[in-house]
Each structure stands twice: as structure tokens, then as C-alpha cells.
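Enquirer: sequence first, predicted model second:
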Amino acid sequence: MLPGPARAEEEAGGEAVARKARAARAVLETAARWGLARPPLPAPPPPASRPELVAAQGVKLANGLPPVVYRVPTEERIVFLTVDDGAEKDPEFSRMAAELGIPLSAFVADYLARSDYGYFRALAARGDAVNNHTVNHRNLKVLGYGTQREEICRQQDQLEEQIGVRPRLFRPPYGEYNEDTLRAAASCGVEAVPLWNEEAFPDRMEYRYEDQRLHPGDVILTHFRGTDLWNGSMPDLLRKVVDEVTAQGFALARLDDYL
Ligand SMILES: [Zn+2]
């Protein structure tokens, strides 16, 4: 028999092992319950402060304007899931993301979100980010500076009022923007403009790259869309994304921690 302190240590060690095994089993069970091929890979801890962006592949910098980012410069095998517009407010989708620990960055347009901002408040309450995607989802490139500013800045105010946090990130509808867009966005507190390199659907992922694979720091676009527009539900979509991301050896991290 071991002397007292050593035995206590051994028991504590045994408990830790058992606790880890229970946690691993719970992760497997949660993944299986949502129909995933395997559990999502855990994301590394976020950086203590957001890394300063420099011009690189996937980052467009212009003097004094918010950076436009298709891919966050990082060595980590992480990618980011962003969900746009806000028409479909599916509670199963947010429950699935929460149970699997998948972080989301939403980009909502007021005209679609305003029927139930409570859905997006609940996302924010569990740590997801709710960001700006304009008031009316118009193609900003064909609008003058003043109208662009209305579209962007009125949604900054609306989200601050509805969600309680003023967004730092903004995404122009259709990914269409010009210098006026960036100037207008900067004038009301926008710090970065993430676009995307992949688009996800319930049955497939579309890649911009020739190699048709994920790259570290990629931003993935998808939408709050239901079966009226899609051949599948939002949980089907999340299953597709997580399975693809995991199969390629990536974890999903929180965009707002890096930009
Ligand atoms: Zn959109």
C-alpha cells in the first residue's frame, strides 16, 4: 500500500483520468446525436489580443480604411464560420452549434432580422458575434456615399440597440463594395470587413481555390436560410460544414477573436 500522500495523489490522478474519459464520451455522444461523422476538433485558445493585420494573401489594406479580409493570416489549422442575412431563425441550428461548441459570426440585415431580434440576442448571449450586413441588403457599389452610409451606419445603431453591442465587423451584401463603402463603414465604428473564400450549403461546399480545399484562416460564408430556399435544413448545413472541416483536419474558431 502506498503511504498517505502518494495514495491521495494516485486517487486524484485516477479521478482526473475518469473525468477526461467521461468528457470524451459526452463529446462522442453529442456528435453522434447530431449525426456527425466524428466530433469536431477543438479550436486552440484565442490569441490574447487580436493580431495586427499586414498585407498578405487574403488581406487587402488601404491607408486608414478597414481591412478587407478573405483569409485571416494564421499558422493554426482553423477556419471561421460566418452566417449571413437572418431570414431563417432556426432554434435547432443555434442549439446544435451551442452543443457542439461551434462559434458563429452572424452578419444580419435589418429588413430580415427585425421580425425577431430575440433570436440573435440569444446567439450573442452565448458568445456568438452579431455583426453588420446593412439595413436593406442593397448592392452598395451602385449607391452614393450618403446612401451607403445610411445603409451601414443605421444598422450599426440598430444592432447596438437590439443586441447591446456595437458591431466591429461589417460585410457588404454580395461582397460588393468600393472605397466609399469602406470610408462609410469606418465613419461609424467598423474595424474590419471580412469577405469569404468558401460558401457552404446543406449538400456541398464551394471553394474559390483551385485545389478545392480549406486553407488556414479561411472565412466560410453561409446563410440563415430554410428549406424554402435550400435542399436541406440549417442543421443539415452545419453537419455538412463540420464534417468537411473536421475531415480536412481543421477546427472552427471565432472570427471576432482574430479580426
Ligand atoms: Zn447577404
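Expert: Received, thanks. Treat the numbers as computed from the prediction; the structure is a model and nothing was measured.
Enquirer: for the rest of this, base every contact and every neighbour count on C-alpha atoms.
Expert: Fine.
Enquirer: residues making contact with stretch 218-227?
Expert: Counting by Cα atoms under 8 Å, 6 or more residues apart in numbering, the neighbours of stretch 218-227 from elsewhere in the structure are 70-72, 78-89, 194-201, 232-234.
Enquirer: so which of these also contact the ion?
Expert: Restricting the contacts of stretch 218-227 to those touching the ion (Cα under 5 Å from the ion) yields Asp85.
Enquirer: is there a quick PyMOL command that grabs whichever of the contacts of stretch 218-227 are buried?
Expert: In PyMOL syntax, the buried subset of those is picked out as below (16 or more other Cα atoms under 10 Å):
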select buried, resi 70+71+72+78+79+80+81+82+83+84+85+86+87+88+89+194+195+196+197+198+199+200+201+233+234
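Enquirer: thought Phe94 was touching Leu123?
Expert: Let me fix one detail, which is that residue 94 is Ser and not Phe. Yes - the criterion here is Cα atoms under 8 Å, and Ser94 meets it with Leu123 at 7.1 Å.
Enquirer: what about whatever residue of the stretch 151-259 of the chain ends up closest to the ion, distance to Thr147?
Expert: With Cα to the ion as the measure, the residue in the stretch 151-259 of the chain that lies nearest the ion is Pro173; the distance is 4.5 Å. Per Cα to Cα, to the nearest Å, Pro173 is found 14 Å from Thr147.
Enquirer: helices and strands around the lengthiest helix in the chain, which ones?
Expert: Counting by DSSP state H, the longest helix found in the chain is helix 4-33. Other elements packing on helix 4-33 under the criterion 3 or more Cα pairs under 8 Å, 6 or more residues apart in numbering; DSSP states H and E are helix 91-100.
Enquirer: each with direction, which strands does the helix or strand following the helix it packs on pair with?
Expert: Using DSSP states H and E, the helix or strand that follows helix 91-100 in sequence is strand 105-108. According to DSSP bridges, strand 105-108 has the following sheet partners: strand 78-85 (parallel), strand 129-132 (parallel).
Enquirer: dump these to JSON lines, plus mean pLDDT.
Expert: Converted to JSON lines, these look like this (pLDDT from 0 to 100):
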{"stretch": "strand 78-85", "mean pLDDT": "98"}
{"stretch": "strand 129-132", "mean pLDDT": "98"}
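Enquirer: of all these, which lies closest to Asp211?
Expert: Go through the strands paired with strand 105-108 one by one with Cα to Cα and the one that ends up closest to Asp211 is strand 78-85, at 16.3 Å.
Enquirer: what number of residues lie near Tyr209?
Expert: The burial metric for Tyr209, expressed as a neighbour count using other Cα atoms under 10 Å, is 11.
Enquirer: quick one, what contacts it?
Expert: Applying Cα under 8 Å, 6+ apart, one finds that Tyr209 lies in contact with Asn197.
Enquirer: in the longest helix of the chain, which residues are buried?
Expert: When burial is assessed from 16+ other Cα under 10 Å, helix 4-33 yields the following buried residues: Val27, Leu28, Thr30, Ala31.
Enquirer: measure Gln212 to Phe170 for me?
Expert: Between Gln212 and Phe170 the distance is 26 Å, computed by Cα to Cα.
Enquirer: the more surrounded of the two?
Expert: Set side by side, Gln212 and Phe170 give different neighbour counts by other Cα under 10 Å, the larger being at Phe170 (29 against 11).
Enquirer: is that one bridged to anything, and to what?
Expert: For Phe170, the beta-bridge assignment (DSSP bridges) gives partners Asn132.
Enquirer: lowest-scoring secondary structure element of the chain by mean pLDDT?
Expert: When the helices and strands of the chain are scored by mean pLDDT, DSSP states H and E, helix 4-33 comes last with a mean of 83.
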